[in-house]
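> got a predicted structure here, sequence first:
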Amino acid sequence: MARTCVILNPTARSERARRWTERLRELCGDALLCATARAGEAEQLARNAVAEGFEQIVAAGGDGTIHEVVNGMADSDAALGLMPMGTMNVFANELGLPANDLGRCWEIIRAEQTRLIDLPTANGKHFVQLAGVGLDAQVVKETSLTFKRNFGPLSYLISAAQIASRRPPRLLIESEDALTEEGSFVLVGNGRLYGGPFPFFKHAVIDDGLFDVLVFKQLGYIEVIKYLQNVIFTSDITTREVEYFQTRRLRVSSVEDVPVELDGELVGGCPVEFQMRPRRLKVLAPR
């Protein structure tokens, strides 16, 4: 087996998380297992693993752990493996990894079957699955770690309901492929899925070199939430209040203080410039 470093985020305190951590330690064998002690440490551990010549770097956690690991190993020849153990495992779902089966996920890593996927950036920060400007980033900002531990994915819905009555920001959209110049909420996808198993980005392909962009036009947050039903439950976007387009570059700005999230992690605010790096990340995935 290729030299493998497993980076584990052990912050979850539930009994289920403890069982999964024990299972991971059983599976790792000769692999180097590194556990994080604080937020942001997974990125540095991944950077160290690259410097030490590890050929496979495995993110054991949720989408936030993957986000950190990818930013630590970007521009290297190492392959990214996944052991999905987080609250949300959207990227693992996108790649077709089996849910709740660490044994099978480890077999996929041991098989060393790789594929190249796109590696997008936002203001120079890498992400793998999705980004949000506005509503969902505000939800991430206001959902505490304790809240997530107690309520899981439901915690985000509770926070969204609390935010819904506020006035949304005015976002300026700049892209040669966009028809809309203004919006109140923007989602940017690399893959098809958002928020779990939901195919928000209907035409997205994770290695086509394109962003898939949803712009919710000048709507209140309650209206945005209503139109999300159309996005989730139809085979294509049918409402004129939401624009869907593909592009290689995108800039979103605002005169207001608007947060930005990447892969569910808060990373700053507007303005934000998105750029695509086609097929620059090697991942270990099922055939």
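In hand now; what should we look at?
> for the residue located most distally from the centre of the chain, phi and psi?
Centroid-distance maximum for the chain: D30 at 29.0 Å, with CA atoms, centre = their mean. Phi and psi for D30, reported as degrees, to the nearest 10, are phi -80, psi 0.
> check contacts around the nearest residue to it once chain neighbours are set aside.
Spatial nearest neighbour of D30, chain neighbours left out: M1 (7.2 Å); criterion: CB to CB, 6 or more residues apart in numbering. For the C-beta atoms, the positions are set from N, CA and C on the backbone; glycine is no exception. With contacts defined as CB atoms under 8 Å, 6 or more residues apart in numbering, M1 is in contact with 29-31, 110, 112.
> let's see it at 10 Å
29-31, 55-56, 109-112 (CB atoms under 10 Å, 6 or more residues apart in numbering).
> what's the farthest-apart pair in those?
Spatial extent of these (CB to CB) is set by the pair D30 and A111 at 16.1 Å.
> tell me where the stretch 101-250 of the chain has strands.
Here the stretch 101-250 of the chain has its strands, by DSSP state E, counting those that start in this stretch, at 114-117, 121-122, 125-126, 130-133, 171-174, 182-183, 185-189, 193-194, 198-199, 211-216, 242-247, 249-253.
> for these, which one sits closest to A74?
With CB to CB as the criterion, A74 lies closest to strand 125-126 of those, at 5.0 Å.
> can you list the domain ranges for this protein.
For the chain, automatic domain parsing gives the domain ranges 4-112, 125-280.
> and these as TSV, adding mean pLDDT?
TSV is the format used below for the domains of the chain (pLDDT from 0 to 100):
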stretch	mean pLDDT
domain 4-112	90
domain 125-280	85
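> span of stretch 109-118 from start to end?
Distance between the two ends of stretch 109-118: 20 Å, counting by CA to CA, to the nearest Å.
> from D118, how far off is D207?
6 Å (CB to CB, to the nearest Å).
> let me fix that: P169
Relative to D118, and taking CB to CB, P169 is found at 28 Å.
> again with E43
Distance from E43 to D118, counting by CB to CB: 20 Å.
> then P10?
Separation of P10 from D118 (CB to CB) stands at 30 Å.
> number of nearby residues for A131?
Neighbour count for A131, taken as other CB atoms under 10 Å: 29.
> tell me the bridge partners for the closest residue to it other than its chain neighbours.
Spatially, and ignoring its direct neighbours in sequence, A131 is nearest to V188 (4.3 Å; CB to CB, 6+ apart). Using DSSP bridges, the bridge partners assigned to V188 are A131, V213.
> count of neighbours near V188?
Neighbours of V188 (other CB under 10 Å): 26.
> got the contact list for it?
120, 122, 127, 129-133, 194, 201, 211-215, 247, 250, 252, 260, 262, 272, 274.
> where exactly do the helices run in the stretch 101-250 of the chain?
Applying DSSP state H, counting those that start in this stretch to the stretch 101-250 of the chain gives helices spanning 102-111, 135-142, 145-151, 154-163, 221-233.
> wait, F211 sits on R251?
No - counting by CB atoms under 10 Å, F211 sits too far from R251 to count as a contact (11.6 Å).
> got any residues that touch both of these two?
Listed as contacting both F211 and R251 by CB under 10 Å, 6+ apart are 175, 274-275.
> weed out the non-buried ones from the residues you listed.
Buried members of the shared contacts of F211 and R251, scored by 16 or more other CB atoms under 10 Å, are 175, 274.
> would you mind listing the buried residues in stretch 207-222?
For stretch 207-222, by 16+ other CB under 10 Å, it's 208, 210-217, 219, 221.
> with stretch 53-66 instead?
Buried residues in stretch 53-66, counted by 16+ other CB under 10 Å: 54-66.
> hey, C-alpha coordinates of it in PDB?
Output in PDB follows, covering the C-alpha atoms of stretch 53-66 (Å, rounded to 0.1, in the frame of the first residue of the first chain):
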ATOM      1  CA  GLY A  53       6.500  12.300   1.000                       C
ATOM      2  CA  PHE A  54       3.200  10.600   1.900                       C
ATOM      3  CA  GLU A  55       1.400   9.500  -1.300                       C
ATOM      4  CA  GLN A  56      -2.100   9.300   0.100                       C
ATOM      5  CA  ILE A  57      -3.600  11.700   2.600                       C
ATOM      6  CA  VAL A  58      -6.900  10.600   4.100                       C
ATOM      7  CA  ALA A  59      -9.400  13.100   5.600                       C
ATOM      8  CA  ALA A  60     -11.300  11.300   8.400                       C
ATOM      9  CA  GLY A  61     -14.200  13.600   9.400                       C
ATOM     10  CA  GLY A  62     -16.800  15.700   7.600                       C
ATOM     11  CA  ASP A  63     -16.700  18.300   4.800                       C
ATOM     12  CA  GLY A  64     -14.900  20.800   7.100                       C
ATOM     13  CA  THR A  65     -12.100  18.400   7.600                       C
ATOM     14  CA  ILE A  66     -11.800  17.700   3.900                       C
END
